[in-house]
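Colleague: got a sequence here, can you model it:
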Amino acid sequence: MSIEAIYAAVLDGDEAATKAEVQATLEAGVSAADILYQGSIAAMTEVGRLFEEGEKFVPEMLISARAMKAGLAILRPHLVDAGIEPVGKVVLGTVKGDLHDIGKNLVGMMLEGVGFEVIDLGVDVTPEGFVEAVEAHRPDFVGLSALLTTTMPGMRATVEALQEAGLRDRVMVMVGGAPVTQSFAEDIGADLYAPDASAAAGRAKTLLAAD
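Modeller: Take a look at the predicted model:
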């Protein structure tokens, strides 16, 4: 039982070992915050680095993220009791007309892996749905995902809906998905574009720190 063992279990994507080590380390008296930051988040940061260097691939990143999420479920009540706040909050969803969620789910898990609270709205989310969620949750970011070129206009419509609702200045917009590009993100007025889940998590954390 140790933070090092949790780090290794998350890095290896071993969900059962992650849960067992988190529970045992908590019972040994190690703080939930230390387990989160030195174990889980440190491991997911390394997973992201290895992915960007081509040493890990999407399936491996996904199983590490699932292991981290399983450990986080055990940690969460202890973090709440200790008053540990997330680094930020993200409302995430796939835009209207698009039912793809694998990429969105991975982005959400990677964001959780670096310390964000994630409110996942699911798929086929209307611009009005995003506006309502921003009003309700007051996130730092709203994340828009699209896998189809035919649903990309939903991203523009959502940015415009946030503007019309007077919320655009209160939230940063992040976009991604297979057909999405940096130039498209700039064209619709998004604040952040990322080509993959690892980059999305890292860039969101960097942008929030700089804000």
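
Colleague: tell me the domain boundaries of this structure?
Modeller: As recorded under automatic domain parsing, the domains making up the chain are 3-81, 88-210.

Colleague: Serialize those domains to TSV and add fields for mean neighbour count and mean pLDDT.
Modeller: Quick note: C-beta positions are derived from backbone N, CA and C, even for glycine. Below are the domains of the chain laid out as TSV (neighbours: other Cβ atoms under 10 Å; pLDDT from 0 to 100):
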stretch	mean neighbour count	mean pLDDT
domain 3-81	18	94
domain 88-210	20	95
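
Colleague: can you pull out the helices in this structure?
Modeller: Along the chain, counting by DSSP state H, helices occupy 3-12, 15-27, 32-34, 42-52, 58-81, 102-113, 127-137, 153-164, 182-188, 197-210.

Colleague: quick one: the most far-flung residue of the chain relative to its centre and residue 35, what's the gap?
Modeller: Distance from the C-alpha centroid of the chain, by Cα atoms, centre = their mean, peaks at residue 28 (29.4 Å). Note on residue 28: its distance to residue 35, by Cβ to Cβ, to the nearest Å, is 10 Å.

Colleague: what strands line up against the lengthiest strand in the chain, and which way round?
Modeller: Taking DSSP state E as the criterion, the chain has its longest strand at strand 88-94. In the sheet, strand 88-94 lines up against strand 116-120 (parallel), strand 141-145 (parallel) (DSSP bridges).

Colleague: tabulate these (a markdown table), appending distance to residue 203.
Modeller: Shown next, in a markdown table, are the strands paired with strand 88-94 (distance: least, Cβ to Cβ, whole Å):
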| stretch | distance to residue 203 |
| --- | --- |
| strand 116-120 | 12 |
| strand 141-145 | 10 |
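
Colleague: show the contacting residues for residue 122.
Modeller: Applying Cβ atoms under 8 Å, 6 or more residues apart in numbering, we find residue 122 in contact with 93-94, 101.

Colleague: residue 84 now?
Modeller: Counted by Cβ under 8 Å, 6+ apart, residue 84 has contacts 32-33, 36.

Colleague: you'd agree residue 195 is up against residue 176?
Modeller: Yes. If you go by Cβ atoms under 8 Å, residue 195 and residue 176 touch, sitting 7.1 Å apart.

Colleague: need the residues touching each of those two.
Modeller: In contact with both residue 195 and residue 176: no residue, using Cβ under 8 Å, 6+ apart.
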